[in-house]
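[1] attaching a predicted model along with its sequence, questions to come.
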Amino acid sequence: MMKYNFRCEDIGMSCGYEIRGASTEEELLEELKIHAKMSHNLNSIPPDVLEKIKRNIKKGGKYSFSCADVGMKCGFEIINADSEEELLNELAIHAKLSHNMTTIPQDTLNAIKSKIKVM
Ligand SMILES: [Zn+2]
Ligand SMILES: [Zn+2]
């Protein structure tokens, strides 16, 4: 699932504000309008600032998973992989070496996917 992140810092604002994990660009911009009004006294975001904001929206997010979420007590966790694909590739190695699974069964894989956290 794609996530949208934005930090005011990236457009030269020092307020420290950031949005992480918005589901769509529209959602992020709606939230940002409230912040702009409350913290930057902007009743509307000027078009040039809006363009700057859009160029600095980061898509993607970080993917995390811990075996504990699917009832495994091995203590293994992956924090902040850059994509679900990266996370699943790393997890395949862990499954092989620590859980003696040469392939992850489809139902386990589905359980894993439903527990992956995107930030
Ligand atoms: Zn701000
Ligand atoms: Zn494990």
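    Ah, there it is. Ligands and ions are numbered 1, 2, ... in the order given.
[2] quick one: pLDDT of M1?
    We note a pLDDT of 65 for M1 in this prediction.
[3] ok, now N89?
    96.
[4] quick check: buried residues in the helix or strand hosting it?
    Using DSSP states H and E, N89 sits in helix 84-99. By 16 or more other C-beta atoms under 10 Å, the buried positions in helix 84-99 come out as L87, L88, L91, H94, A95. Where C-beta positions appear, they are placed from N, C-alpha and C, glycine not excepted.
[5] chain center to it: distance?
    Counting by C-alpha atoms, centre = their mean, to the nearest Å, helix 84-99 is centred 19 Å from the centre of its parent chain.
[6] downstream neighbour of it in the secondary structure list?
    Assigned by DSSP H and E, the successor of helix 84-99 is helix 106-115.
[7] interface residues of this protein facing ligand 1?
    By C-beta under 5 Å from the ion, the residues of the chain that approach ligand 1 are C8, M13, C15, Y17.
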